[in-house]
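Asker: Structure of the sequence below:
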Amino acid sequence: MRPHLLGLLPEHLAAHLRANGVTVRDAEARRVVAHAIAQGRDGFPVSRPVPRSVERAVGALVDRRPVEIVERATDPSDGFVKYLFRLHDGAVAEAVRIPLEREGRFTICVSSQAGCAMGCDFCATGRLGLRRSLEAWEIVAQFVAVRDEAPGAVTGALFQGQGEPLHNYDNVLRAAEILAHPCGGRIAAEAITISTVGLVPAIHRFARERRPYRLIVSLTSAIEERRRALVPAASAWPVAELADAVRAYQRAAGGRATVAWVVLGGINTGRDEVDALRALFAGVPLRLNLIDVNDARPDGYRRATPAEWSSFRDALRTLEVPVVRRYSGGAAKHAACGMLASLDDVSIEPP
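Answerer: Numbering: from 1, shown residues only. Okay, the predicted model is just below:
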């Protein structure tokens with residue numbers, strides 16, 4: 001099976017070609033990868049020529065098929081753009097172009113799986129179930145396709161689309177490495193964020209390997225029984241074990257560990273949650289990201305009222321940690337956190 005060019009670092013491309021009897025210099029492999037990923041171009045010649053023998057070998061020995069963009073949908077209220085991709089086996093995945101506060105700067109949220117196996121009760125993607133994990137090249141292909149249509153500079157990447165990134169650990173980390181490479185996405189490692197609902201063994205592995213990317217752990221409840229109901233996959237590990245994994249990651253990475261909290265009105269905004277948080281993460285430098293729930297179901301979870309928000313924020317101040325209410329945009333086009341479910345309710349827009 002031919003490897004895909006978008007899933008290869010320059011050294012991997014060179015090794016693959018040499019294993020097939022092709023003479024190629026390291027600099028030539030870097031030019032080919034940079035042409036395809038950093039510059040987002042298909043075909044030859046590359047901007048700095050490589051020998052015709054290398055061009056022919058890449059054409060014969062390396063897959064270069066693109067992913068198909070099926071739909072683009074722009075939320076006119078905030079400029080978030082959702083992309084729907086059809087993969088080669090008919091599976092679909094989504095990515096979102098997110099405008100940053102600085103005008104003309106964007107980050108791209110990519111999917112790591114088609115669907116998701118985690119089954120989070122408040123998340124539309126989790127209710128899809130898992131079709132399959134994506135290959136590293138399919139993740140990078142989303143990024144390249146969205147980046148190349150951006151009306152400005154893409155300066156970040158976020159693994160928070162469809163799927164649980166750490167459930168597809170090897171492909172996600174390979175994709176992150178490619179996105180950070182000078183011949184790849186050219187994104188600073190600290191601007192690449194990987195989100196997880198809390199796969200404890202994978203968090204420990206991430207910490208041991210001292211990966212340079214930012215990790216966000218989505219907790220949503222610090223109370224055992226409540227979290228098990230909200231995040232069924234978490235039942236494999238008690239919240240105390242998850243807290244230990246976060247502690248190990250924080251020691252390895254330094255700084256503050258970031259914990260995300262999907263705010264569910266009437267569910268997880270009480271002082272009992274704050275007390276449980278305090279007990280779980282005693283001594284761990286934390287940053288808490290609060291995110292409004294996005295549930296389009298008529299009988300789904302509701303957002304917290306202003307009074308609930310005020311009471312919750314007051315209680316959280318006693319933790320003496322930074323608390324940030326994150327904006328989750330694109331809701332009008334089902335592009336917001338927890339809404340990526342490949343819905344066919346968007347019109348096709350021209351590139």
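
Asker: Just to check, Ile178 is in contact with Arg186?
Answerer: No - with contact defined as Cβ atoms under 8 Å, Ile178 does not count as touching Arg186 (10.4 Å). (Each C-beta comes from the backbone N, C-alpha and C, glycine too.)

Asker: higher neighbour count, those two?
Answerer: Just comparing Ile178 and Arg186: by other Cβ atoms under 10 Å the higher neighbour count belongs to Ile178, 25 against 15.

Asker: Check that one and give its pLDDT.
Answerer: Looking at Ile178, its pLDDT stands at 98.

Asker: List the buried residues in the helix or strand hosting it.
Answerer: Using DSSP states H and E, Ile178 falls within helix 169-180. Neighbour-count burial for helix 169-180 flags Tyr169, Asn171, Val172, Leu173, Arg174, Ala175, Ala176, Glu177, Ile178, Leu179, Ala180 (criterion: 16 or more other Cβ atoms under 10 Å).

Asker: where does the chain dip in pLDDT?
Answerer: 47, 296, 328-351 (pLDDT under 70).

Asker: swap the cut-off to 90 and go again
Answerer: 1, 40-49, 66, 75-79, 101-103, 120-129, 232-236, 293-300, 302, 325-351 (pLDDT under 90).

Asker: Show me the strands in it, by range?
Answerer: In the chain, the segments counted as strands under DSSP state E are 68-74, 81-86, 92-99, 105-110, 113-115, 130-133, 153-159, 192-196, 214-218, 257-263, 286-292, 323-326.

Asker: okay, those in TSV with distance to Glu55 and mean neighbour count next?
Answerer: Formatted as TSV, these follow (distance: least, Cβ to Cβ, whole Å; neighbours: other Cβ atoms under 10 Å):
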stretch	distance to Glu55	mean neighbour count
strand 68-74	25	18
strand 81-86	28	22
strand 92-99	30	25
strand 105-110	29	23
strand 113-115	33	25
strand 130-133	32	19
strand 153-159	28	21
strand 192-196	31	22
strand 214-218	38	21
strand 257-263	44	23
strand 286-292	46	19
strand 323-326	46	13
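
Asker: Name the residues that touch the helix holding Ile178?
Answerer: Contacts with helix 169-180, where a contact means Cβ atoms under 8 Å, 6 or more residues apart in numbering, come from 6-9, 37, 110, 112, 133-137, 139-140, 143, 157, 159, 165-166, 184-189, 192, 194, 202, 205, 211-213.

Asker: 6 Å - rerun?
Answerer: 112, 135-136, 139-140, 157, 159, 165, 184-185, 187, 189, 192, 202, 213 (Cβ atoms under 6 Å, 6 or more residues apart in numbering).

Asker: Any of these buried? List them.
Answerer: The buried subset of the contacts of helix 169-180 - by 16+ other Cβ under 10 Å - is 112, 135-136, 139-140, 157, 159, 165, 184-185, 187, 192, 202, 213.

Asker: Quick check: of those residues, which lies closest to Arg30?
Answerer: Gly184 (10.3 Å; Cβ to Cβ).

Asker: wait, that closest one sits on Gln39?
Answerer: No - the pair Gly184 / Gln39 is not scored as a contact, 10.7 Å apart, by Cβ atoms under 6 Å.
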